[in-house]
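Trainee: pasted the sequence and its predicted model underneath.
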Amino acid sequence: MLDWIIVLAFISYSLFEGFRSRRQSSENLSEYLLAGRTIRGWRAGFSMAATQFAADTPLLVMGLIAVGGVFSLWRLWIYGLAFLLMGFVLAAAWRRAGVLTDAELTVKRYSGKGVLALRALKGIYYGTVINCVIMAFVLVAAVRIFEIFLPWHEWLGGPVYDLLLNMVESSGFVLSSAGADIGETVATTNNIISIVAMLAFVATYSTAGGLRSVIATDVAQLILMMFATAAYTWIAVSQSGGIDDMPTRLVELYGEENADRFLSFAPGAGEALMPFLVIISLQWIFQMNSDGTGYLAQRSMACRSDRDARIAAVIFTVIQIVVRSLLWLMIGVALLILYPFDPATPRTDSFIGERELTFVHGFNDLLPAGLRGLMLAGMLAALASTISTHLNWGASYWSNDLYKGVWVEKIRGKTATSRQLVVVAKLSNIIVLAIALTIMVNLGSIQNAWLVSLLFGAGTGAVLLLRWLWERINLYCEIAAILVSLIAAPILLLTVEAEWLKLLLMSVVSTAAVAIAAYVTPATDRAVLHAFYRQVRPPGWWRNTAASAGIDPAEPLDRLKRFAIPLVAAAISVYCWLIGSAKLLLQHDARLFGAAVFVAGLLVAPVWLRALLKADDGPEVAQ
């Protein structure tokens, strides 16, 4: 009973926040999608972290550790570079652009007849396809959690449940992870009820209150999730023998060679160095959110100042890469001990799925009443935070770009009212959810689905970053990048086996296509570039535009250089804290080294803290 009191308290709070923000969020699209651009930096950073604390990610981490050990987590940790780049270099540019979505940015950044088509394409590609794929990952995780914790067949019973059960049985539809021994039909029926109930709950508060309610609940959700995960970590580590005995237990269960591989931060002797170098050098930049595109940029644009946007990104990075990663890392190693497996087992989708599910089995088996309810509420909070964010993000493309920008203004030649736009934003949630559910039922393991999404995203990463840094990028560059992604990704999936080689080839081909398009296609109209530069003041290689606009031509590159040192210093601090702490906890023979590395991160911190807290400069965002 105590477990469910905690869960119901969380649900009640979220609904309260949604309805409390309803009136203000319904005033116009900026209020609904960006909370009137009034969010403080720490709240935006907490919100980013809450969304990234998705319920699918800890399951993904458990699978990665089982397959490749701690070393494989660099595929997640390396994104810290992109987060810091967004914070120090691009967050201010996003705010000053005065747009609601990435698709709307095309109107201000580019010229030509294809601008409208590109805006519509990005509204569909990012707002629907990419958005729904990400939501599908989260829903797969939701099924695996709900199947164990929500036995609707025991709670409901009676004719209503029997009717649903018969409908599922006659349809032949299966939605089960086999996490509970209750049969496919019962599990599928339970999961359908659970998914519908969760989506109704999330859609209610996020649709009612817009981004304001999403951020308000995110802050509480993050605190709840961090506390619950810390408690889970403490108990899992204790049950596995304690920090001092965990390495020894790994050796006993898996042998010294496998134990060393599980705890290593670098590729082992039998692993090639090239795949590691390719992944850490390319994956953080060749990905669909390389410049923050999506909810990270949305949170930056919702901040009240450039300084707040920088603070948000750095707080998010520290929580994401250091605090959260250490907790999940300790849980992952503990679960290797508590739920051992044969190292010779083939790394199939089924095996990975089973290892991912150990995260859920762990807190169900290990945590006492109260803490189990806290963890369940934390997982529900993680699901709610991610789903609500992606609903709000998808709604922004449907209302601001596809409906307002393309249909009403360009095709019909009219003006959309604020009321119409808010209504469209709310109704679009139904379409987005339906597509996400369709994708969800066709996914296998979260890990393999995630790897496929990385490959598709790698084709567009370069152009998303370069459009801010290089004046020659035009709309044809973005079109070329999207087409390369859609064409090359399926080919590489069918013809190339090595994951690192797929990433390398996609990165090279997409960058070449973008560079060729930049030089052989018509340049962006100079007047458009001037207007964009004056408003946004983007950093980087904008010398010709700045000069022709009567601005010091050295200023844009100087702006980039000014933040290069604090950016590098912040990255050093973050990774020193991560590696130093992990070695102190898990590698007994490297504790002195771990302490030195951690202290080095502290010594470097003043360099980036000064830049982080500096006053705003340049033009303010257009309202």
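Mentor: Okay, I see it. As the structure is a prediction and not an experimental result, all values here were calculated from the model. Numbers count the residues shown, from 1 in each chain.

Trainee: CA atoms only: put the strand or helix carrying Leu121 into CSV for me.
Mentor: Leu121 belongs to helix 115-124 when elements are defined using DSSP states H and E. Backbone C-alpha positions of helix 115-124 (Å, rounded to 0.1, in the frame of the first residue of the first chain) are rendered in CSV as follows:
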residue,chain,number,x,y,z
VAL,A,115,12.8,27.0,-48.0
LEU,A,116,9.1,26.2,-47.6
ALA,A,117,9.6,22.6,-48.7
LEU,A,118,12.6,22.2,-46.3
ARG,A,119,10.6,23.6,-43.4
ALA,A,120,7.8,21.1,-44.1
LEU,A,121,10.3,18.2,-44.6
LYS,A,122,11.9,19.0,-41.2
GLY,A,123,8.6,19.4,-39.6
ILE,A,124,7.7,15.8,-40.7
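
Trainee: run the chain-centre distance for that helix.
Mentor: 23 Å (C-alpha atoms, centre = their mean, to the nearest Å).

Trainee: show me what counts as buried in that helix.
Mentor: Using 16 or more other C-beta atoms under 10 Å as the burial criterion, the residues of helix 115-124 that qualify are Val115, Leu116, Leu118, Arg119, Ala120, Leu121, Lys122, Gly123, Ile124. The way it works is simple: take the backbone N, C-alpha and C, and place the C-beta from them, glycine included.

Trainee: export the helix or strand that it is followed by as CSV, just CAs?
Mentor: The helix or strand immediately downstream of helix 115-124 is helix 131-149, counting by DSSP H and E. What follows is helix 131-149, C-alpha atoms only, in CSV (Å, rounded to 0.1, in the frame of the first residue of the first chain):
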residue,chain,number,x,y,z
ASN,A,131,10.3,12.1,-32.4
CYS,A,132,8.1,9.1,-32.7
VAL,A,133,11.1,6.7,-32.9
ILE,A,134,12.5,8.1,-29.7
MET,A,135,9.1,7.8,-28.0
ALA,A,136,8.9,4.2,-29.1
PHE,A,137,12.1,3.4,-27.3
VAL,A,138,10.6,4.8,-24.1
LEU,A,139,7.4,2.9,-24.6
VAL,A,140,9.3,-0.4,-25.0
ALA,A,141,10.9,0.3,-21.6
ALA,A,142,7.5,1.2,-20.2
VAL,A,143,6.1,-2.2,-21.3
ARG,A,144,9.0,-4.0,-19.5
ILE,A,145,8.4,-2.1,-16.3
PHE,A,146,4.6,-2.2,-16.3
GLU,A,147,4.5,-6.0,-17.1
ILE,A,148,6.1,-6.7,-13.8
PHE,A,149,4.5,-4.1,-11.6
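
Trainee: tell me the helices and strands packed up against helix 131-149.
Mentor: helix 56-68, helix 184-239, helix 349-366, helix 371-396, helix 418-440, helix 446-458 (3 or more C-beta pairs under 8 Å, 6 or more residues apart in numbering; DSSP states H and E).

Trainee: show me what the helix or strand following that helix is in contact with.
Mentor: Once the chain leaves helix 131-149, the next helix or strand it forms, by DSSP H and E, is helix 152-155. By C-beta atoms under 8 Å, 6 or more residues apart in numbering, the surrounding residues in contact with helix 152-155 are Tyr161, Leu165, Ile182, Val186, Thr189, Asn190, Ile193, Ser194.

Trainee: how about Gly594, nearest residue that isn't a chain neighbour?
Mentor: In space, and not counting its chain neighbours, Gly594 is closest to Lys583: 3.1 Å by C-beta to C-beta, 6 or more residues apart in numbering.

Trainee: so how far is Ile387 from that neighbour?
Mentor: Computed as C-beta to C-beta, to the nearest Å, the Lys583 to Ile387 distance reads 36 Å.

Trainee: looking at those two, which is more packed in?
Mentor: Ranked by neighbour count (other C-beta atoms under 10 Å), Lys583 and Ile387 place Ile387 first, with 29 against 22.

Trainee: contacting residues for the nearest residue to the more buried one once chain neighbours are set aside?
Mentor: Excluding the flanking residues, the one nearest Ile387 by C-beta to C-beta, 6+ apart is Val202, at 4.7 Å. Contacts for Val202 (C-beta under 8 Å, 6+ apart) come out as Leu383, Ala384, Ile387, Ser388, Leu391.

Trainee: okay but Tyr161 is in contact with Thr189, surely?
Mentor: Yes - between Tyr161 and Thr189 there is a contact at 7.3 Å, judged by C-beta atoms under 8 Å.

Trainee: looking at these two, which one has more neighbours?
Mentor: Thr189 (27 against 18).

Trainee: hang on, the earlier thing: the contacts of helix 152-155: which two are farthest apart?
Mentor: Farthest-apart pair in these is Leu165 and Ser194; separation 14.3 Å (C-beta to C-beta).

Trainee: where does pLDDT dip in the stretch 401-550 of the chain?
Mentor: Counting by pLDDT under 70, the ranges of the stretch 401-550 of the chain that qualify are 442-450.

Trainee: on that earlier part again, now the contacts of Val202 in JSON lines, please, with extra columns for distance to Ser325 and pLDDT.
Mentor: Putting the contacts of Val202 into JSON lines (distance: C-beta to C-beta, whole Å; pLDDT from 0 to 100) gives the following:
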{"residue": "Leu383", "distance to Ser325": "20", "pLDDT": "78"}
{"residue": "Ala384", "distance to Ser325": "22", "pLDDT": "78"}
{"residue": "Ile387", "distance to Ser325": "23", "pLDDT": "83"}
{"residue": "Ser388", "distance to Ser325": "23", "pLDDT": "80"}
{"residue": "Leu391", "distance to Ser325": "27", "pLDDT": "82"}
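
Trainee: between these, which is nearest Phe532?
Mentor: Leu391 (30.0 Å).

Trainee: what sits against that closest one?
Mentor: So Leu391 contacts Val202, Ala203, Ser206, Thr207, Asn429, Val432, Leu433 (C-beta under 8 Å, 6+ apart).

Trainee: apply 7 Å and report the result again.
Mentor: Counting by C-beta atoms under 7 Å, 6 or more residues apart in numbering, Leu391 touches Ala203, Ser206, Asn429, Val432.

Trainee: please report the distance of the third one from Leu451.
Mentor: Asn429 sits at a distance of 28 Å from Leu451 (criterion: C-beta to C-beta).

Trainee: again with the second one
Mentor: Ser206 sits 29 Å away from Leu451 when distances are taken as C-beta to C-beta.

Trainee: who's more crowded, those two?
Mentor: Neighbours were counted for Ser206 and for Leu451 using other C-beta under 10 Å; Ser206 has more, 27 against 15.

Trainee: before we move on, back to that, shared neighbours of Tyr161 and Thr189, anything?
Mentor: With C-beta under 7 Å, 6+ apart, Tyr161 and Thr189 have no common neighbours.

Trainee: now do the phi/psi pair for the nearest residue to Ile78 once chain neighbours are set aside.
Mentor: Once flanking residues are discounted, Ile78 sits nearest to Trp284: 4.5 Å by C-beta to C-beta, 6+ apart. Backbone torsions of Trp284, given as degrees, to the nearest 10, read phi -70, psi -30.

Trainee: any idea how far Trp284 is from Leu383?
Mentor: On the measure of C-beta to C-beta, Trp284 and Leu383 end up 26 Å apart.

Trainee: just Arg75 next, same as before
Mentor: 23 Å.

Trainee: and Glu471, by the same measure?
Mentor: For Glu471 relative to Leu383 (C-beta to C-beta), the value is 42 Å.

Trainee: what do you get for Asp589?
Mentor: Taking C-beta to C-beta, one finds Asp589 at 40 Å from Leu383.

Trainee: count of residues packed around Ile5?
Mentor: Neighbour tally, Ile5, other C-beta under 10 Å: 11.
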